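Participant: Sequence isn't available, so here's the structure alone:
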């Protein structure tokens, strides 16, 4: 097994996100996309020409996934929205959890065959398990796959039937297997975080099927092998590390978001780049995230 080597984190954009999330590499745009949930904005950094762009939306946004060209699907509070980011034209709107007004969509990713998976959570972050995990297929059929989460995060896919998914507040990363009908046939705890390690947040998988996990309150990314053992750590100058995605040159760079949310003045002084976007170079390639393979 190749030993993982990583560079020191490079600060790409110190835009002081309240809750940076949703890292997404779009190769044909040579750009990293991410969101600031609480400030209701999509942030875009073109790594070729270093141009930066902020697109504002009218609801809190947990993630976005690429469809084609300038068309993306956004995970918003109470809604999935397919739209053209350039023209702002809405192509499709799908309401989510109409009966749970205080829930919002949090993290989301596409799987290896282009289905969209996402989770919901209580936006007030109360101690209640009303979050669920969903899958939206290529025909816009929505299926609730799992329930009883405090704060959903991930998922990160091993293959089209096996993936990791997190309940951040419970400090648990689960390993889940589903059948062809998306029914869970196995769910077990892959890793339970201790309080000193913070909270497991967003995550991604490399080509060796190692899991890269962002630590909220933990100022680092940990890499776990298939047996759930830590094989590498990347420390960052931000306390709340929220999400990570492979992209860039040869798909061997990791883009990392962070957050200022819930930090006090002393913590901000200590971790002065909290809320920034970072890049880490590695000797390992990531698994490219598929487009959302919807038939529009």
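Facilitator: Alright, I've got the coordinates. As the structure is a prediction and not an experimental result, all values here were calculated from the model. Residues are numbered from 1 along each chain as shown.
Participant: So what's the residue count around residue 101?
Facilitator: Here the count is done by other C-beta atoms under 10 Å, and residue 101 has 10 residues near it. All C-beta atoms are positioned from the backbone trio N, CA, C, and that covers glycine.
Participant: so what's the backbone phi/psi at the residue of the chain most remote from its centre?
Facilitator: Of all residues in the chain, the one whose C-alpha sits farthest from the chain's mean C-alpha position, using C-alpha atoms, centre = their mean, is residue 266 at 27.4 Å. Comment: the main-chain dihedrals of residue 266 come out as phi -60, psi -40, following degrees, to the nearest 10.
Participant: ok, it to residue 253 distance?
Facilitator: Distance of residue 266 to residue 253, given as C-beta to C-beta, to the nearest Å: 32 Å.
Participant: any low-confidence regions in the stretch 51-200 of the chain?
Facilitator: Flagging of the stretch 51-200 of the chain using pLDDT under 70 yields an empty set of residue ranges.
Participant: can you give me the strands in it?
Facilitator: Per DSSP state E, counting those that start in this stretch, the stretch 51-200 of the chain has strands spanning 52-56, 61-68, 71-76, 79-84, 90-95, 103-110, 116-122, 131-136, 142-149, 152-157, 162-167, 172-178, 184-192, 199-205. These are given in chain order.
Participant: In contact with residue 186, which residues?
Facilitator: With contacts defined as C-beta atoms under 8 Å, 6 or more residues apart in numbering, the neighbours of residue 186 are 175-177.
Participant: follow-up on the earlier one: just put the strands of the stretch 51-200 of the chain in CSV and tack on distance to residue 222.
Facilitator: Below are those laid out as CSV (distance: least, C-beta to C-beta, whole Å):
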stretch, distance to residue 222
strand 52-56, 29
strand 61-68, 21
strand 71-76, 25
strand 79-84, 30
strand 90-95, 34
strand 103-110, 17
strand 116-122, 21
strand 131-136, 22
strand 142-149, 21
strand 152-157, 13
strand 162-167, 13
strand 172-178, 10
strand 184-192, 9
strand 199-205, 9
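Participant: Which one of these lies nearest to residue 26?
Facilitator: When the strands of the stretch 51-200 of the chain are compared for distance to residue 26 using C-beta to C-beta, the nearest one is strand 61-68, at 5.2 Å.
Participant: so what strands line up beside the closest one?
Facilitator: When pairing is defined by DSSP bridges, strand 61-68 lines up against strand 71-76 (antiparallel).
Participant: now the strand it pairs with against strand 90-95, angle please.
Facilitator: Taking axes from the mean of the first three to the mean of the last three C-alpha atoms, to 10 degrees, one finds that strand 71-76 is oriented at 30 degrees with respect to strand 90-95.
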